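1. just a sequence and a predicted model for now, questions to come.
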Amino acid sequence: MAPRASSDHQDLVLTLDASTTACKAIVWDRNGHPLSEGRAEIQLNSPAPLGFEQDAEEWWSAAASALRVAASGVEADRIRGLCIANQRETFVVADRSGRPLRPAIVWMDERCRDQVERVRQSSQAESLHRITGKQPCTTPSLYKVLWLRVQEPELFAQHPLVLDVHAFLVLRLTGELRTSVPSADPTGLVDLEAGDWSEEALALAGLSRGQLPEIAPAGAALGFVQEEAAVACGLPAQLPVIAGAGDGQAAGLGAGILAPGRAYLNLGTAVVSGVFSETYQTSLAYRTLAAAGPSGFILETDLKGGTFTLDWLVKRWGGSPSPKGEVLRDLERQARGLPPGAEGLVLIPYWNAVMNPYWDDDASGLVMGWRELHGPAHLYRAILEGIAFEQRLQTEAVEAAIGGQIEAFVVTGGGASSDLWCQIVADVTGRPVRRAGSQEATSLGAAILAMWGTGMYPDLPTATHAMTTTGASFEPGPHRARYERLYSEVYQGLYEAVRPRMVRLAAYVREAGSQQETRC
């Protein structure tokens, strides 16, 4: 069947934000206004220490459910195109038809530490960083593939497909084995300057091009929704599917970041910040990613323990039968009444190790200053402040590396709704913090790509300027001086001071775990 013809009546686009915890579908108009929404949860499993997996079939069932609900809220024939933003680094090993052969490995999975360390100690480490823009660490898919090859060699004897989340969903929707450059790039298998798979990275992973999807630029047409998928998702058949981006890059576009000077700051499960660069460059201060567009790059910092750490606080220390959201709101209310510095409690937020600028998988969280007076609200505020201190550390390292200033942050993600957190970030970093106009910046970024990719705007900047706004602004306030002292006299250099002990502690934990496995 030929692609359906477009008309002036088709003035909407549909996006799918396939995140770590849920699929959210939103219908958008030309002005960047959401009209209809659907959401379905995705379960996250931890089958082993440091291990995180998902059933990729849940990606599809959740996507279909969310898309059906969103599309039902408007006249479906008004929808001109569909675009996906996806959780990054997560991948599934599948057969040639796209059927999963085992659970998907999620970006949070750290069972590949041995593989990372071997590459770090090899002559390839520098070359891989230069080609892919990423230091060896447990986050990119490359090292998870290496781990999986050791654990399940029979799996790779089948010469299976290795699919990022975007590729898996596009295959189910269109039957086409394709993905986008900014969706494939976080796997650590892409030559960023070439915008194509890296032969060196593929050789290391033991993969051939035939096991991977074709890569297309963001905004390109990837295919059309097939009849079976259209029925499952409640969509018009032959709806164009436009190449999207990883959720971090999409959020940057949804925050209106198209040029250097401002950075997006996603206060989500992970705290991710990025600044646009027209030229390709690499540094230990950041990881380099393909931007959500036809050209350009994102110099990104990534703290894997963002709102994840707040969720940990509620789950492990909340002690309340109340819903998580209610507990967090109560903790925020109490924390707002505490002074800067949480009455002497300082926290290093490395609950999921640390990427830039240290790239240390042995790093762990640290809380210093415990006294009898401290309670859950103190720890809550210390988490917000610790993440803000870490963001300042990372941002200043990026500025030193690029020789330029980051003048302001545009915040997105669930944490952006917290006035307290936004003000703390402004006070700690000394930079204005502005909320993105949309709370769904990731989905909005995909909508911008869809509008441009389907020809509803002549170019990406025009679409971005028409569809993005900013909201409330938080300026550095009277607590700036107190936070300056805490940062310079306590936080800055604290991790380096305890790092040797953290390395020994991590070695002890590994040895204890091995002994436990032997006894079992």
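-> Sure, I can see it. As the structure is a prediction and not an experimental result, all values here were calculated from the model.
2. verify the stated contact: Thr269 with Thr21.
-> Yes: here Thr269 lies in contact with Thr21, judged by Cβ atoms under 8 Å, at a distance of 7.4 Å. Backbone N, C-alpha and C define where each C-beta goes, glycine included.
3. ok, Leu67 touching Glu37?
-> No: if you go by Cβ under 8 Å, Leu67 and Glu37 don't touch, sitting 10.8 Å apart.
4. ok, back up a step: higher neighbour count, Thr269 and Thr21?
-> Under the criterion of other Cβ atoms under 10 Å, the comparison of Thr269 against Thr21 puts Thr269 first, with 25 against 14.
5. show me what contacts the closest residue to Arg381 other than its chain neighbours?
-> Closest residue to Arg381 apart from its sequence neighbours, by Cβ to Cβ, 6 or more residues apart in numbering: Ala335 at 3.9 Å. Counting by Cβ atoms under 8 Å, 6 or more residues apart in numbering, Ala335 touches Ala342, Ala377, His378, Tyr380, Arg381, Leu384, Leu420.
6. mind doing that once more with 10 Å?
-> Ala335 is in contact with 342, 376-385, 418, 420-421, 424, counting by Cβ atoms under 10 Å, 6 or more residues apart in numbering.
7. which intervals of the stretch 51-200 of the chain have sub-threshold pLDDT?
-> Within the stretch 51-200 of the chain, not a single segment meets pLDDT under 70.
8. hang on, the earlier thing: now the common contact residues for Leu67 and Glu37.
-> Joint contacts of Leu67 and Glu37 (Cβ under 10 Å, 6+ apart) are Lys24, Ala25, Val27.
9. in CSV: those, plus distance to Leu444.
-> Listed next are the shared contacts of Leu67 and Glu37 as CSV, based on distance: Cβ to Cβ, whole Å:
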residue, distance to Leu444
Lys24, 12
Ala25, 13
Val27, 12
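10. quick one: buried residues of stretch 110-128?
-> Glu110, Arg111, Cys112, Arg113, Gln115, Val116, Val119, Gln124, Leu128 (16 or more other Cβ atoms under 10 Å).
11. may I have the helix or strand hosting Ala85 exported as CSV, CA atoms only?
-> Using DSSP states H and E, Ala85 sits within strand 79-86. Written as CSV, here are the backbone C-alpha positions of strand 79-86 (Å, rounded to 0.1, in the frame of the first residue of the first chain):
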residue,chain,number,x,y,z
ILE,A,79,-2.2,13.0,12.7
ARG,A,80,0.5,13.6,10.1
GLY,A,81,3.4,11.6,11.6
LEU,A,82,4.7,9.7,14.6
CYS,A,83,8.1,10.2,16.3
ILE,A,84,9.8,8.3,19.1
ALA,A,85,12.1,9.4,21.9
ASN,A,86,13.7,6.5,23.7
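12. mind giving me the packing neighbours of the next helix or strand after it?
-> For strand 79-86, the following helix or strand on the C-terminal side (DSSP H and E) is strand 91-94. Under the contact criterion of 3 or more Cβ pairs under 10 Å, 6 or more residues apart in numbering; DSSP states H and E, strand 91-94 touches helix 56-72, strand 104-105, helix 141-151, strand 161-164, helix 165-174.
13. pLDDT score for Pro432?
-> Looking at Pro432, its pLDDT reads 97.
14. please apply the same query to Gln10.
-> Looking at Gln10, the pLDDT reads 83.
15. from Glu37, how far off is the closest residue in space to it that isn't next to it in sequence?
-> Spatial nearest neighbour of Gln10, excluding adjacent residues (Cβ to Cβ, 6+ apart): Arg80 at 4.0 Å. Using Cβ to Cβ, to the nearest Å, Arg80 is found at 18 Å from Glu37.
16. same question for Val190.
-> 32 Å.
17. more crowded one of the two?
-> Val190 (29 against 15).
18. quick check: beta-bridge partners of the more buried one?
-> Trp197 (DSSP bridges).
19. cool, Val433 as well?
-> Counting by DSSP bridges, the residues bridging with Val433 are Phe409, Phe474.
20. contacting residues for it?
-> 265, 267, 388, 408-411, 416, 421-427, 472-476.
21. if we use 7 Å, what do you get?
-> For Val433, the contacting residues are Phe409, Val411, Cys422, Val425, Ala426, Phe474, by Cβ atoms under 7 Å, 6 or more residues apart in numbering.
22. closest to Leu161 out of the residues you listed?
-> Nearest to Leu161 among those: Val411, at 37.0 Å, using Cβ to Cβ.
23. correct me, but that closest one touches Arg435?
-> Yes: Val411 lies in contact with Arg435 (Cβ atoms under 7 Å); the separation is 5.6 Å.
24. just want to know which of those two has more residues nearby.
-> Legend: neighbour count by other Cβ under 10 Å for Val411 and Arg435, higher for Val411 (29 against 22).
25. which helix or strand contains the more buried one?
-> strand 408-412.
26. packing partners of the helix or strand following that strand?
-> Per DSSP H and E, the first helix or strand lying C-terminal to strand 408-412 is helix 419-429. In terms of contacts (3 or more Cβ pairs under 7 Å, 6 or more residues apart in numbering; DSSP states H and E), helix 419-429 is packed against helix 324-336, helix 376-402, strand 433-436, strand 470-474, helix 480-486.
27. I am finished for the moment; much appreciated.
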